[in-house]
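Student: just to be clear, the model below is a prediction. Sequence and coordinates:
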Amino acid sequence: MNNVLIISYYWPPASGPGVQRFLKMSRYLQEFGWQPYILTVKNGTYPSYDESLLDEIPEDFKIFKTKTFEPYQLLNYIVGTPKKNYAVGLMGFEADKSLIKRLSLYIRANFFIPDARVGWKYFAYPAAKKIIADHNIKAVITTGPPHSTHLTGLKLKKKVNIPWIADMRDPWVNIYYNRIFPRSKRTINKDRRLETKVLKNADLLTVVSEGLQKEFSDRANRISTILNGFDAIDMPQDIFTEAVDRFSISYIGNFKPNQNIKMIWRALAELKEEIPGFAKDMIIRLTGNIDPTILQSIKQHNLYDNLEQKQYVPHKEATQLMSQSSVLLFVVPKTTNNSLIITGKLFEYIATSTPVVSVGPTEGDAAKILSDAQRDSMCDYDEKERFKDKIKGYYENWKMNGQVAYRHSKSSLEKYSRKSQTKRLSLELNRITNE
């Protein structure tokens, strides 16, 4: 068994896709000959928590936690943000344009490069160096965001010369919220230099989509696409077939401001007017961190009476909600380079076999995954009538059967499983350590 050090800011009790990726893969790595050692923070700031994820950590895992230095926490406290919370993708930014909030955003954009967690590197590097020496570590994986985590990997590569994989779950310089930040030209140039150093020095870059692979291919040594996938043990084993009294359109996860596609709300409002009984039968279930602008749009389109909102729920409960829904709503953020975006939620949506009505770039990476899994094709952002037709079709099916009547096939999904994707990662680890 070879030992690998995984450096990840996000780790349980934090929740979300940044946690799920290596929490799941770490467990399966053991089956492919790699023993994970985890380095994370003990006083991090997270947008949401899921204590139940702590139960998924194998007892034989070696987990090391360090302090971190996040002066941005103090700024959050001054402007009224709780210390242990941190906004997801600038949620609430458009709803709060106060001077002090904008000042804090300017400081965040130009004084914390590449991100507000950059202070962790001063603690992570010495801790990682000691773990490598004490535990015969054969390779290091850093995963981001926060992409400042990769700066620790870069220093380890230069000082210790250990095989290193930099795992990119999102773009770096081109990540969508950087286009909202008031960044100076100097900041952008410095950030680009750091990104390029990581890409050129890592033995391997792993990314979550083919689109990201194309974005980094001109500067990286080697690139491999390792999808997020779904974990079979998280998915409900029994198909939900009970009769239900509401036709539920569910969105589960972080719902960001750049996902507030008003066409969706206009379409649902029109269906309320056009289809007898739809207004009474339909319920919009939003579960997770929801940006205030989305709730405002729902109100503006007279859909608030059809809304049921829940805060973040444990992961097992989230997948159960997916299974029990009539239709799952999937929205690719409307932003530059959004054709590259594939979220972890998409694979879990598919794995439940619940119908998915999706909105986003019709030739993007997410659309290709849906097509490959033989799911409904994606609607573009302005295809209101097409979106309405899809919802109407599933509603009529539900009306006849009184339950989640339509289920997609689960065949040919094994390649999207976490285990399958972890096997690919293990083969890459074998390669870079044997060279």
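Tutor: Alright, I've got the coordinates. Numbers count the residues shown, from 1 in each chain.
Student: okay, and the helix or strand of this protein with the least pLDDT?
Tutor: helix 71-78 (a mean of 61; mean pLDDT, DSSP states H and E).
Student: mind giving me the packing neighbours of the helix or strand just after it?
Tutor: Later in the chain than helix 71-78, the nearest helix or strand by DSSP states H and E is helix 99-111. Secondary-structure packing of helix 99-111 (3 or more Cβ pairs under 8 Å, 6 or more residues apart in numbering; DSSP states H and E): helix 71-78. Where C-beta positions appear, they are placed from N, C-alpha and C, glycine not excepted.
Student: where do the strands sit along this structure?
Tutor: Counting by DSSP state E, the chain has these strands, from start to end: 2-8, 34-41, 62-66, 137-144, 164-168, 204-207, 223-225, 247-252, 282-287, 307-310, 327-331, 356-359.
Student: for those, which one ends up most surrounded?
Tutor: strand 164-168 (a mean of 26; mean count of other Cβ atoms under 10 Å).
Student: what's the spacing between that strand and its chain's center?
Tutor: What separates the centre of strand 164-168 from the centre of its chain is 17 Å, taken as Cα atoms, centre = their mean, to the nearest Å.
Student: note down every partner strand of that strand and its orientation.
Tutor: Within its sheet, strand 164-168 is paired with strand 137-144 (parallel), strand 204-207 (parallel), according to DSSP bridges.
Student: distance of the residue nearest to residue 336 when sequence neighbours are not counted from residue 147?
Tutor: If the residues on either side of it in the chain are set aside, residue 336 comes closest to residue 179, at 6.2 Å by Cβ to Cβ, 6 or more residues apart in numbering. Using Cβ to Cβ, to the nearest Å, we find residue 179 at a distance of 16 Å from residue 147.
Student: these two: who's more crowded?
Tutor: residue 147 (26 against 12; other Cβ atoms under 10 Å).
Student: just confirm the more buried one contacts residue 114, I think it does.
Tutor: Yes: counting by Cβ atoms under 8 Å, residue 147 does reach residue 114; the two are 4.9 Å apart.
Student: what sits in contact with each of these two?
Tutor: By Cβ atoms under 8 Å, 6 or more residues apart in numbering, residue 147 and residue 114 have these common neighbours: 172, 195.
Student: skipping adjacent residues, who's closest to residue 227 in space?
Tutor: Using Cβ to Cβ, 6+ apart, the closest residue to residue 227 is residue 421 (5.2 Å).
Student: check the spacing between the one you found and residue 270 real quick.
Tutor: 40 Å.
Student: and the two? Which one has more around it.
Tutor: In this view residue 421 and residue 270 are compared by other Cβ under 10 Å, and residue 421 has more residues nearby, 24 against 15.
Student: report the contact partners of residue 196.
Tutor: Per Cβ under 8 Å, 6+ apart, neighbours of residue 196: residue 219.
Student: check what pLDDT it gets.
Tutor: The pLDDT attached to residue 196 in the predicted structure is 97.
Student: got it, and residue 16?
Tutor: 84.
Student: what about it, neighbour count?
Tutor: Neighbour tally, residue 16, other Cβ under 10 Å: 23.
Student: quick one, phi/psi of it?
Tutor: phi 110, psi 170 (degrees, to the nearest 10).
Student: still on that earlier bit, distance of the residue nearest to residue 227 from residue 348?
Tutor: 13 Å.
Student: swap in residue 122?
Tutor: In terms of Cβ to Cβ, residue 122 sits 36 Å off from residue 348.
Student: residue 375 too?
Tutor: 13 Å.
Student: please identify which of these two sits among more neighbours.
Tutor: More crowded of residue 375 and residue 348, by other Cβ under 10 Å: residue 348, with 26 against 21.
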